[in-house]
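J.: no sequence on hand, only this structure:
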C-alpha cells in the first residue's frame, strides 16, 4: 500500500510525530499546504496529523478542501493535543465538532499527547491560555494551562504504527488473492 503523511500543526509537536512516523513507516511526509490533490492522487493511504487550537483541528480547512480526493482512500488521523488519554468525553466532543460523521466511520483516529511550552507561545496564545486557565475549575487542568507540559514520546505512536501495519498486511493479502484469481 502506497502511503503519505500530511500534517498541520502550530508549534512543532505534530511535525515531530509526522517525522517519527515517516521514519518508522518509510513514508514521505508533507505540510498540509504542500499536499495538493495531484500529489494525493498517487497514494492509497493517507495519514493525517493535526494539532488542536482553541478546540479546532488545525488541519480542518484543508480536510474540507480535499474531502473529495480523500473519499476513496484509507485514512488514519492522529490528533496532537493536551486532552488526556482518559478524557474520552472531551475526545468525542472534539471529533463531533471537527469531523463529518461519514469521515469518522472510515477513519482510524488516534489521540497523541503533545507539548505546550508556555514561554514559546505567541503573546496572543499565552493570553488565550491564561484566560482559559482563569476560567478552568479543575485545579490540575488549571496548573497544566499555567505551566505547560511535554508528553512527546515516540512510543506514543505504537498503536497507530500497528494499525497502519495491519491495514497494509490486509491490503497485501487481498491484493495477492485478487492476483491469483486472474
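T.: Perfect, thanks for sending it. All values reported here derive from a predicted model rather than from experimental measurement.
J.: residue boundaries of the strands in this structure?
T.: Using DSSP state E, the strands assigned to the chain run over residues 3-8, 29-31, 45-53, 56-57, 74-81, 107-113, 115-116, 149-150.
J.: format the ones you listed as JSON lines; extra columns: mean pLDDT and mean neighbour count.
T.: C-beta here means a position set from N, CA and C on the backbone, and glycine is covered the same way. Formatted as JSON lines, the strands of the chain follow (pLDDT from 0 to 100; neighbours: other Cβ atoms under 10 Å):
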{"stretch": "strand 3-8", "mean pLDDT": "97", "mean neighbour count": "24"}
{"stretch": "strand 29-31", "mean pLDDT": "97", "mean neighbour count": "18"}
{"stretch": "strand 45-53", "mean pLDDT": "94", "mean neighbour count": "23"}
{"stretch": "strand 56-57", "mean pLDDT": "93", "mean neighbour count": "19"}
{"stretch": "strand 74-81", "mean pLDDT": "94", "mean neighbour count": "22"}
{"stretch": "strand 107-113", "mean pLDDT": "89", "mean neighbour count": "19"}
{"stretch": "strand 115-116", "mean pLDDT": "92", "mean neighbour count": "18"}
{"stretch": "strand 149-150", "mean pLDDT": "90", "mean neighbour count": "13"}
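J.: using a markdown table, lay out these together with distance to residue 100.
T.: Formatted as a markdown table, the entries for the strands of the chain read as follows, by distance: least, Cβ to Cβ, whole Å:
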| stretch | distance to residue 100 |
| --- | --- |
| strand 3-8 | 17 |
| strand 29-31 | 23 |
| strand 45-53 | 14 |
| strand 56-57 | 12 |
| strand 74-81 | 12 |
| strand 107-113 | 10 |
| strand 115-116 | 28 |
| strand 149-150 | 30 |
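J.: pLDDT below threshold where in the protein?
T.: Across the chain, the stretches falling below the confidence threshold (pLDDT under 70) are 84-85, 102-106, 170-182.
J.: where do the helices sit along it?
T.: Taking DSSP state H to define them, one finds helices in the chain at 13-25, 37-40, 60-65, 67-70, 88-98, 101-106, 123-135, 139-147, 158-181.
J.: does residue 107 touch residue 73 like I think?
T.: No: between residue 107 and residue 73 no contact is recorded; they are 10.0 Å apart, counting by Cβ atoms under 8 Å.
J.: how many residues are close by the residue lying closest to residue 142 once chain neighbours are set aside?
T.: Leaving out its chain neighbours, the residue that sits closest to residue 142 by Cβ to Cβ, 6 or more residues apart in numbering is residue 136, at 4.4 Å. Residue 136: 15 surrounding residues under other Cβ atoms under 10 Å.
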